[in-house]
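Participant: make a model of this:
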Amino acid sequence: MRALLCQTLDGPDALAIVERPEPEAGPGQALVRVTLAALNFFDTLIVAGKYQVKPPLPFSPGGEGVGVVEALGEGVSGLTVGQRVVIHAGYGCCAERIAIAATKLTPVPEGVPDEQAAGLTITYGTTLHALANRAKLREGEWLAVLGASGGVGLAAVELGALMGAKVIACASSEDKVAAARAHGAAEGLVYTPETLKDDLRRITGGAGVDVVYDAVGDAFAEPALRSLAWRGRYLVIGFAAGGIPRLPLNLILLKELDVQGVHWGAFTERDPQAHRADQAQLLAWVAEGKLSAKVHGVYPLEAFPEAFGVLTRREAVGKVLLRV
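Facilitator: Coordinates of the predicted model:
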């Protein structure tokens with residue numbers, strides 16, 4: 001089979017398409033023919049050895065995707081050969097086939113296209129866990145989303161609006177703000193670290209933001225924290241801007257703020273039942289037309305440099321997919 005392979009930790013430019021032996025489904029596993037693999041920002045890090053997950057070399061990137069079950073290993077129930085499934089692998093989806101634990105597959109309902117299903121599990125799964133399980137977002141609250149046009153950012157905009165929050169989309173250009181508004185943001189701003197706190201205060205009429213969803217970090221983190229209202233919640237999603245920020249604990253004390261870590265991968269392992277319920281809810285919302293799961297672009301496997309470049313330059317508005 002063909003696979004996009006990371007053989008050295010030298011970044012996306014060192015990836016290559018190679019022929020690999022086809023895997024077989026072991027006990028508790030399913031063999032899936034991958035149709036589309038979804039790329040996330042962390043894929044640019046994992047192939048450079050800069051991500052917290054460090055697979056043994058060589059490996060294929062691609063933490064999620066969609067495909068068709070081709071074979072079932074011993075002891076697998078609840079799946080059938082020929083069934084379309086969402087794949088949550090962590091890595092390995094940028095290959096024509098993957099053998100994976102059946103518990104990491106979710107059946108795709110009729111009415112959900114492959115393109116929407118492929119990029120749903122990580123970005124929307126992370127975001128639903130963050131907003132519903134961690135922040136316990138309530139209807140009518142102010143939700144500020146940093147990096148609002150990227151994969152997790154648009155997911156936060158869409159899900160926040162669906163949950164009844166007043167979403168403020170914070171992005172680096174007017175075009176990106178417009179994209180977020182088209183997906184449910186009530187307000188939007190082109191942000192800088194110097195103006196972010198005052199802009200969020202102004203938009204909320206001086207009251208402050210109830211929840212900050214921060215997948216950006218670096219210099220944007222402290223002004224976002226300072227924009228929070230009394231007992232606001234600050235969701236730590238990731239650090240796309242590069243730097244891991246230091247937050248002033250005195251401010252957290254004085255305003256009784258909650259800084260909440262969101263480690264979705266650990267959540268899926270520790271509470272698989274809740275994870276499966278979240279995935280079923282997300283797919284149902286897509287089938288009902290309540291979530292768009294916007295796709296930035298679908299690229300052939302041979303165009304992987306272009307696809308990774310979109311992520312590296314932070315140009316993506318929605319999901320970046322590879323047709324395997």
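Participant: longest helix anywhere in the protein?
Facilitator: helix 272-287 (DSSP state H).
Participant: list the helices and strands the next helix or strand after it packs on?
Facilitator: Following helix 272-287 in sequence order, the next helix or strand is strand 295-300 (DSSP states H and E). With contacts defined as 3 or more Cβ pairs under 8 Å, 6 or more residues apart in numbering; DSSP states H and E, strand 295-300 has these neighbours: helix 114-118, helix 304-312, strand 319-323. For glycine as for every other residue, the C-beta is placed from the backbone atoms N, C-alpha and C.
Participant: note down every partner strand of strand 295-300 and its orientation.
Facilitator: Sheet pairing here is set by DSSP bridges, and for strand 295-300 it gives strand 319-323 (parallel).
Participant: let me see the mean pLDDT of the partner strand.
Facilitator: The pLDDT scores in strand 319-323 average 95.
Participant: same check, this time on stretch 148-167
Facilitator: Averaged across stretch 148-167, the pLDDT comes to 93.
Participant: so which bits of the strand ranked longest in the chain are buried?
Facilitator: Longest strand of the chain, by residue count under DSSP state E: strand 29-39. Judged by neighbour count (16 or more other Cβ atoms under 10 Å), strand 29-39 contains these buried residues: Gln29, Ala30, Leu31, Val32, Val34, Thr35, Leu36, Ala37, Ala38, Leu39.
Participant: could you point out which element follows that strand?
Facilitator: Next helix or strand after strand 29-39 toward the C-terminus (DSSP H and E): helix 41-46.
Participant: CA atoms of that next one as CSV?
Facilitator: Taking Å, rounded to 0.1, in the frame of the first residue of the first chain, the C-alpha atoms of helix 41-46 are listed here in CSV:
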residue,chain,number,x,y,z
PHE,A,41,-1.7,21.8,13.1
PHE,A,42,-0.1,19.3,15.5
ASP,A,43,0.8,17.2,12.4
THR,A,44,3.3,19.8,11.5
LEU,A,45,4.8,19.4,15.0
ILE,A,46,4.7,15.6,15.3
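Participant: what about the strands in the stretch 1-150 of the chain?
Facilitator: Per DSSP state E, counting those that start in this stretch, the stretch 1-150 of the chain carries strands over the ranges 2-5, 16-19, 29-39, 64-72, 84-88, 97-101, 105-107, 142-146.
Participant: just those strands: most buried one?
Facilitator: Across the strands of the stretch 1-150 of the chain, averaging neighbours per residue (mean count of other Cβ atoms under 10 Å) puts strand 142-146 on top, at a mean of 29.
Participant: which residues are contacting it?
Facilitator: With Cβ atoms under 8 Å, 6 or more residues apart in numbering as the test, strand 142-146 has contacts from 131, 137, 153, 156-157, 160, 165-170, 180, 185, 191, 200, 203-204, 207-216, 220, 224, 227, 229.
Participant: what does stretch 184-200 give?
Facilitator: 144-146, 148, 157-158, 160-162, 166-174, 177-178, 180-181, 203, 208-209, 219-220, 222-224, 226-227.
Participant: can you tell me which residue is spatially central in the chain?
Facilitator: Nearest residue to the geometric centre of the chain (Cα atoms, centre = their mean): Thr123, 2.0 Å.
Participant: show me the helices in the stretch 151-300 of the chain, by range?
Facilitator: For the stretch 151-300 of the chain, the helices defined by DSSP state H, counting those that start in this stretch occupy 151-162, 174-182, 196-203, 221-226, 249-254, 264-270, 272-287.
Participant: picking up where we left off before, Gly297: which of the helices and strands packed on strand 295-300 is closest?
Facilitator: strand 319-323 (6.2 Å; Cβ to Cβ).
Participant: let's see that closest one as CSV, backbone CA atoms only.
Facilitator: Taking Å, rounded to 0.1, in the frame of the first residue of the first chain, the C-alpha atoms of strand 319-323 are listed here in CSV:
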residue,chain,number,x,y,z
LYS,A,319,-10.1,21.4,7.7
VAL,A,320,-7.2,20.4,5.4
LEU,A,321,-7.8,16.9,4.0
LEU,A,322,-5.7,14.5,2.0
ARG,A,323,-7.3,12.0,-0.4
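Participant: what sits closest to Lys290 if chain neighbours are left out?
Facilitator: Excluding the flanking residues, the one nearest Lys290 by Cβ to Cβ, 6 or more residues apart in numbering is Leu162, at 5.9 Å.
Participant: what's the neighbour count on that neighbour?
Facilitator: Around Leu162 there are 15 other residues, counting by other Cβ atoms under 10 Å.
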